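Enquirer: mind folding the following:
(chains A and B, ligands or ions: 2)
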Amino acid sequence: MESLIAATENCRYCLMCRHVAPVGHVMHDEALTPHGIALVVASQKRGLLTWNAESVAILYAEPDAGNCRAHCVTNQPLPAAIAAVRAQVAREGLAPTVAYELRDRLREQHSLFGTWQPASGRSRTVLFVGDEGHNLRPDSTAAALRLLEAAGIGAIPVGIGLSSGYFASSLGFPALAKSLASKCLDEIRAAGAGRVLVLSPQEQFTFRQLYPERLGVAWPDDVELADLSTVLTEAVNRRVLNIRSQPSPAAYVDPSHAVRVPERFDPVRLLCARLLGQPPSELFWRRERAHPVGSTALQFTRPDIAERLTRARLKDATARGAVTVICEEPATLHALEGHAEACGVTVVDLYQALAGALC
Amino acid sequence: MVPRGLQFEMIRSELAEIVGDAHISTAETDRLVYATDWFWLPQMWLDRGQEPRKPDYIVRPGSAEEVSAVLKIANAYRIPVIPWGGGSGSQGGALSVFGGIILDMKRLNRVIEIDEKSLTVTAEAGINGKQLEWAVNEKGLMLPHYPASANCATLGGYLAPRGTGTISTKYGKAEDLVLRMQVVLPDGHILRTPIVPQHAAGPDFFRLFLGSEGTFGVITEATMQLDYQPEARLLRALLFDDLTQAIEAGRQIMTRRLDPFVIRLYDPRSTASRIRKILGYELQGAYMVIGFDGDPDLAALQEEKAMDIIGRFGARDLGREPGEAWWNHRYDFYYPPQSLKLPWMYGTTETVTTYDKIERLYYAEKRAVEEGFADWDIDFIGHFSHWFHWGVMVYTRFIIRNPPEDATEAVRLHNRVWNTAMTAVMNHGGMVNEHHGVGLKLSRYMQRQYGDAWPLLERIKKALDPNGIMNPGKVGFGF
Ligand SMILES: Cc1cc2nc3c(=O)[nH]c(=O)nc-3n(C[C@H](O)[C@H](O)[C@H](O)COP(=O)(O)OP(=O)(O)OC[C@H]3O[C@@H](n4cnc5c(N)ncnc54)[C@H](O)[C@@H]3O)c2cc1C
Ligand code: SF4
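Expert: Residues are numbered from 1 along each chain as shown, chains lettered A, B, ... in the order given. Ligands and ions are numbered 1, 2, ... in the order given. Take a look at the predicted model:
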């Protein structure tokens, strides 16, 4: 914990990731940038500030979306450091009330967005559906499973409605995150899986990096972790998955946490291109500079900021003349859809559209 | 400083009426974050747990009209107003030394127009430098002002302290790239400067705002010259045994107008320390990176001619790879923990002068600082990085790795080093600064720097800002 928190001592006077910091960009507030939050933490340590509702609100305004670290030449784990400071604050009973409510819900239900259904069955390949995939967009998940089947990849769903531990960690409850991590790994082991496909870069990041770094939980060596869109792109390229293209322009929205899994930038675009008959158009905030839309705890701790981030992505699309946006990730789709109509934008769910266009 | 109480609340509500409640903050945490920019002194002060001087209000205007209305209120109540861009200035220019209103410009972040025929961009002054660059890159263009702080600085912050970027040797300083500005004067009057800066229709009042660092008004919009992104960028590194020969080689390249976009010449001390640390090369001598860009044939020819000159000075050609490595990692120096960082004491005493004086100036400053602070085991390093037809800028830095722990003692030592360095600079015909601006840090040297021209600047200040509300304590002006 302390070694992670040490990153704030580096970041407190560093401004080098300001240009990609999403919250700073929509709030225009120095305090809500990586440097600002790190300076708040450092100042509290030096007795210049106390943790109170106002300073804690700043601490909980960081999205834990990875943009700062993705652009950090010295790879400072600032999001992990902030999660560790939140853990200290939460232990002292000073976290926002909503954080404790979410903790209780996660403890009781292992899910933030609905319910967890323990998985059954065994398969070498499993699709980790997760909390948001199951509870926010069950149709997308069903479409993803149909696509896998069409590609000849037998996979059963696991982690159906189960929170991976990302939210618990992000909110400052590492012990709870660790117990959720155990649950996820138990389900994966119980299914006899040697390969886990994930719907979302949030989960890929959580399994690959958050578990070992923040929770001290190792991902099993004998289990391969793969991104679903990348696997489907390979299947399309090998012509085992055949899609009828449905020519229409759309702008691609990189999902939240995409910057943490840069190797999926190209494959998912190829998949979009196969569906649209042309490469998707690009937003200004794309690829390594993509800003988060949903899928972070901000929607609970700072809904005002979460909403601004979502609207900013939709505005980014309309500013570039796009009336349709396309994305594959359940939580991002859910957030976009919440504001799309008001912004005059149509949202296309990539997996559902692909499943509907199977030859 | 506005005492908390009825008047404080009245002013707050008047400001909120202008910008909206969401865009004003008086929260303790926000005020603390805005209490320091990138100046070593306030950072050290906070690092040692000392209470800083905070602004009273942080206001984020969304238009020039809102800026104007805020300035009118500030005049009515005689409250200082401090424009704040990215807070990346190293001179304390954005510090609220007398409290007052921090005018955070970042909401003014729109690209208004990209003119692909005249190659210009018009944007609001609070736009982030890198985001502006991305916007023009989408049209195959670039804003050839590449400061190491592009990730965090704003367009207004480029212009207000007369910044310089890595490729200025060919493309000019920020002030050479600006064609037009919208400025809000201290009394709230909004004006636009003429459509182009080069004309003969009267005096060039336009330039008054460049370098005024918010003391003459607030820049709210600027039109900047763009360039096509270069087809070729040819870089290579060279090693000179001797700094004198390297400076002379640079001078000859510049005075023969071979048009390099960069000549970065590290003194032997920097070559041995920074180049080794960041690029991993163990070298002794003066490391130079030189680059030519644009049309590939022209760039190659310019490089060939420059190499003829360099060859005469016996430099070792290290080839392209180390030149390109430098280009690709040139900003790595600024990421902690690689960057200079507290608890060390450091300062960039960069200066500029003509070729006939530069070497004597560099050695005089080096000797004064090294000898004056030998007890502190001071390190003095430098590189020559912005070259002109007539002279060159030298980016000198001092570093003390074990400064006093006591904050007051640290301030005293810091100021003694600065006095020593600036005295040496001015005694040898240098300017106290080439691109970081004056801010609070160099304010005390302005009278001496300007000599008999200083009263004119004071008169201009008085005429524009009779109540002295604009960024008091900076650029040599009081409150
Ligand atoms: C890592 C790093 C690297 C740097 N490298 C360079 C470099 O290569 N070249 C260089 O020139 N500088 C460099 N600097 C210094 C600094 O970034 C520049 O001076 C920068 O241009 C300041 O911009 P800013 O928006 O952060 O301004 P701020 O720091 O917010 O303000 C600087 C001054 O300008 C005034 N000001 C800001 N906006 C306005 C406005 N709209 N109207 C009127 N006044 C205004 C402020 O009041 C203050 O006096 C570097 C700084 C850092 C942290
Ligand atoms: S994450 Fe890296 S780039 Fe961002 S503030 Fe920290 S040290 Fe700087």
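Enquirer: what's the neighbour count on residue B:376?
Expert: Other residues near residue B:376 number 18, with proximity taken as other CB atoms under 10 Å in any protein chain shown. Just so you know, the C-beta spots here come from the backbone N, C-alpha and C atoms, and that holds for glycine as well.
Enquirer: all helices of the stretch 101-250 of chain A, in order?
Expert: A:130-135, A:138-150, A:166-171, A:174-190, A:201-205, A:228-237 (DSSP state H, counting those that start in this stretch).
Enquirer: number of residues surrounding residue A:30?
Expert: Here the number of neighbours of residue A:30 (other CB under 10 Å) works out to 26.
Enquirer: list the residues that contact it.
Expert: Residues in contact with residue A:30 (CB atoms under 8 Å, 6 or more residues apart in numbering or on different chains) are A:24, A:36, B:30, B:33-34, B:58, B:84, B:87, B:104.
Enquirer: nearest to residue A:111, of the residues you listed?
Expert: Checking those against residue A:111 with CB to CB, the nearest one is residue A:24 at 31.3 Å.
Enquirer: quick check, that closest one in contact with residue A:15.
Expert: No. Look at residue A:24 against residue A:15 with CB atoms under 8 Å: they stay out of range, at 10.0 Å.
Enquirer: so for the two, which sits in the more crowded spot?
Expert: Between residue A:24 and residue A:15, counted using other CB under 10 Å, the more crowded position is residue A:24 (27 against 23).
Enquirer: now the phi/psi pair for that one, please.
Expert: phi -60, psi -40 (degrees, to the nearest 10).
Enquirer: residue A:177 and ligand 1: what is the separation?
Expert: From residue A:177 across to ligand 1, the span is 35 Å (CB to the nearest ligand atom, to the nearest Å).
Enquirer: who touches both of residue A:24 and residue A:15?
Expert: Counting by CB under 8 Å, 6+ apart, the shared contacts of residue A:24 and residue A:15 are residue A:33.
Enquirer: where do the strands sit along the stretch 51-200 of chain B?
Expert: Here the stretch 51-200 of chain B has its strands, by DSSP state E, counting those that start in this stretch, at B:57-59, B:81-84, B:101-104, B:111-115, B:120-124, B:141-142, B:178-184, B:190-192.
Enquirer: go on, the stretch 51-200 of chain A?
Expert: All strands of the stretch 51-200 of chain A, identified by DSSP E, counting those that start in this stretch, fall at A:125-129, A:155-160, A:195-198.
Enquirer: contacts for the shortest one next, please.
Expert: Read that as strand A:195-198. Applying CB under 8 Å, 6+ apart, the contact partners of strand A:195-198 are A:124-128, A:130, A:148, A:155, A:158, A:188, A:204, A:207, A:223-228, A:231.
Enquirer: one more pass at 7 Å, please.
Expert: A:124-128, A:155, A:188, A:204, A:223-228, A:231 (CB atoms under 7 Å, 6 or more residues apart in numbering or on different chains).
Enquirer: against ligand 2, how distant is residue B:118?
Expert: When residue B:118 is compared with ligand 2 (using CB to the nearest ligand atom), they lie 35 Å apart.
Enquirer: can you get me a residue count around that residue?
Expert: Neighbours of residue B:118 (other CB under 10 Å): 12.
Enquirer: can you pull the contacts of it?
Expert: Contacts for residue B:118 were tallied using CB under 7 Å, 6+ apart; there are none.
Enquirer: can you give me phi and psi for it?
Expert: Residue B:118 has phi and psi values of phi -80, psi -10 when expressed as degrees, to the nearest 10.
Enquirer: give me the number of residues near residue 5?
Expert: Answering for chain A, as no chain was given. Close neighbours of residue A:5, defined as other CB under 10 Å, add up to 21.
Enquirer: look at chain B instead
Expert: For residue B:5, the neighbour count with other CB under 10 Å is 8.
Enquirer: what's the domain layout of the chain?
Expert: Chain wasn't specified; assuming chain A. Chain A breaks down by automatic domain parsing into domains covering A:2-95, A:125-232, A:243-356.
Enquirer: oops, chain B please
Expert: Split by automatic domain parsing, chain B gives B:6-106, B:111-228, B:232-334, B:345-453.
Enquirer: could I get those as TSV with mean pLDDT?
Expert: Below are those laid out as TSV (pLDDT from 0 to 100):
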stretch	mean pLDDT
domain B:6-106	97
domain B:111-228	97
domain B:232-334	95
domain B:345-453	98
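Enquirer: quick one: closest of those to residue A:104.
Expert: Closest approach to residue A:104 among the domains of chain B (CB to CB): domain B:6-106, 27.6 Å.
Enquirer: so which of the strands of the stretch 51-200 of chain A gets nearest ligand 1?
Expert: Across the strands of the stretch 51-200 of chain A, ligand 1 has its closest neighbour in strand A:195-198 (36.6 Å, CB to the nearest ligand atom).
Enquirer: from the chain's centre, how far out does that closest one sit?
Expert: Taking CA atoms, centre = their mean, to the nearest Å, the mean C-alpha location of strand A:195-198 is offset from the chain mean by 16 Å.
Enquirer: circling back to that earlier point, of the domains of chain B, which is nearest residue B:465?
Expert: Of all those, domain B:111-228 sits nearest to residue B:465, with 3.8 Å by CB to CB.
Enquirer: burial check on residue A:104, number of neighbours?
Expert: Residues near residue A:104, counting by other CB under 10 Å: 11.
Enquirer: list the residues that contact residue B:87.
Expert: By CB under 7 Å, 6+ apart, the contact set of residue B:87 is A:30, B:37-38, B:94.
Enquirer: if we go by neighbour counts, what in stretch A:40-50 is buried?
Expert: Buried residues in stretch A:40-50, counted by 16 or more other CB atoms under 10 Å in any protein chain shown: A:40-44, A:48-49.
Enquirer: same check, this time on stretch A:220-231
Expert: Within stretch A:220-231, the residues scored as buried using 16+ other CB under 10 Å are A:225, A:227-231.
Enquirer: tell me which two of those sit farthest apart.
Expert: A:225 and A:229 (13.6 Å).
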